[in-house]
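Student: Sequence first, predicted model second:
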2 protein chains.
Amino acid sequence: MRELEERIRREGIVEDGDVLKVDAFLNHQMDVALFEAMGREWARLFAGEEINKLLTIEASGIGIACLAARQFGVPVVFAKKSRTRNISGDVYQAEAPSFTHGTVNTVMVSKRFLLPTDRLLLIDDFLANGGALEGLIALADQAGATVVGAGVAIEKAFQPGGDRLRARGVRVEALARIKAMSPGHIEFC
Amino acid sequence: MRELEERIRREGIVEDGDVLKVDAFLNHQMDVALFEAMGREWARLFAGEEINKLLTIEASGIGIACLAARQFGVPVVFAKKSRTRNISGDVYQAEAPSFTHGTVNTVMVSKRFLLPTDRLLLIDDFLANGGALEGLIALADQAGATVVGAGVAIEKAFQPGGDRLRARGVRVEALARIKAMSPGHIEFC
């Protein structure tokens, strides 16, 4: 998606350790008009697929998923990273290693909001090693829900997550795929 | 806002300890069409006010703020609760006690995204004791930004946060104000 690639070129900052900072428009300050355009693009790519819910993970996926959900006309469920007083009773749980945070999170979703009849589109901001999406797929599997595909904003295609997911048969639609990057330089696929 | 009150009556669950669960549509599963309607209502209430950015706090505020931001035609910034590899360099920090989580979070925003010229509308899902909004106001104050007001989805008006903020001169627009609640019973102001 050209608009997203241009924003990454203009405002993305590559830091040591394969970290791409896009906090000016994607995951700290958020350009919601861009998110809406991204949602339209996923709606175009997944047109004809039956999707009744978007599943994402806090925190960076939520804004993107919410704007995309308006295009699909469906609700969003976000997996939580910690048990709070608001999430009680039965939950599905899975491990989700986070490249960005350098941690392994336990992610969870209330069983009331993932059903065997659900046909899910997974949404996240980044796809690097695939830990977050694999965690969401594990949650969907526990519920017996169907994963129709995954929409990610930025895939770091030089990291193994995207290939691994596609090898598992997951349809992954990344709106910007980065082939290589280094400080001052970003090359798209 | 009648639509929100009806949803709370129909799907909200009051639990012991003054906890109102609205995770079926507000802060776990998210009805983004409702969020859009809430955004339109805040846009109507704050019409004529100059607002150039919405400021919220992860995670539950993000979806609501993102849909509202489309109505205002402005970006969203969300305050983060932990330092990650994606938030580096200079940040504003403040303490924000969370009634829901029963914890005190350090919330932070990159100094690049809060400017002295900013005119902010604060957005959050709940207003109980006011800890989250006071944390966001402290961040805005550090930046020298102007807080035009606060839009919250649900104010638990029997807790002191709303009164305290209004006494400080903050314009607070809650779309549903709960006067009293107990298991099986919710009374709006």
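Tutor: That came through, no problem. Numbers count the residues shown, from 1 in each chain, chains lettered A, B, ... in the order given.

Student: now the strands: where do they sit in chain A?
Tutor: Taking DSSP state E to define them, one finds strands in chain A at A:13-15, A:19-21, A:29-30, A:53-57, A:76-79, A:91-98, A:103-110, A:119-127, A:146-156, A:172-182, A:185-188.

Student: now these as TSV including mean pLDDT and mean neighbour count?
Tutor: Using the backbone N, CA and C atoms, a C-beta is placed for each residue, glycine as well. As requested, the strands of chain A are arranged in TSV below (pLDDT from 0 to 100; neighbours: other CB atoms under 10 Å in any protein chain shown):
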stretch	mean pLDDT	mean neighbour count
strand A:13-15	95	15
strand A:19-21	95	19
strand A:29-30	98	24
strand A:53-57	98	27
strand A:76-79	98	28
strand A:91-98	89	18
strand A:103-110	90	19
strand A:119-127	98	24
strand A:146-156	98	23
strand A:172-182	98	18
strand A:185-188	96	14
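
Student: List the contacts of the closest residue to A:Pro160 other than its chain neighbours.
Tutor: Nearest residue to A:Pro160, sequence neighbours excluded (CB to CB, 6 or more residues apart in numbering or on different chains): A:Asn129, at 6.3 Å. Applying CB atoms under 8 Å, 6 or more residues apart in numbering or on different chains, one finds that A:Asn129 lies in contact with A:97, A:99, A:159-161.

Student: Okay, the closest residue in space to A:Met1 that isn't next to it in sequence and chain B: tell me how far apart.
Tutor: Of all residues not flanking A:Met1 in the chain, A:Leu175 sits nearest, at 4.0 Å (CB to CB, 6+ apart). Distance of A:Leu175 to chain B, computed by CB to the nearest CB, to the nearest Å: 17 Å.

Student: any idea how far A:Leu175 lies from A:Val152?
Tutor: As judged by CB to CB, to the nearest Å, A:Leu175 and A:Val152 stand 7 Å apart.

Student: What pLDDT is listed against A:Thr100?
Tutor: Per-residue confidence (pLDDT) for A:Thr100: 69.

Student: hang on, I meant A:Asp18
Tutor: A:Asp18 is given a pLDDT of 89.

Student: ok, now A:Ala24?
Tutor: Value for A:Ala24, per-residue pLDDT: 98.

Student: How about A:Gly144?
Tutor: 98.

Student: residues touching it, list them.
Tutor: A:115-116.
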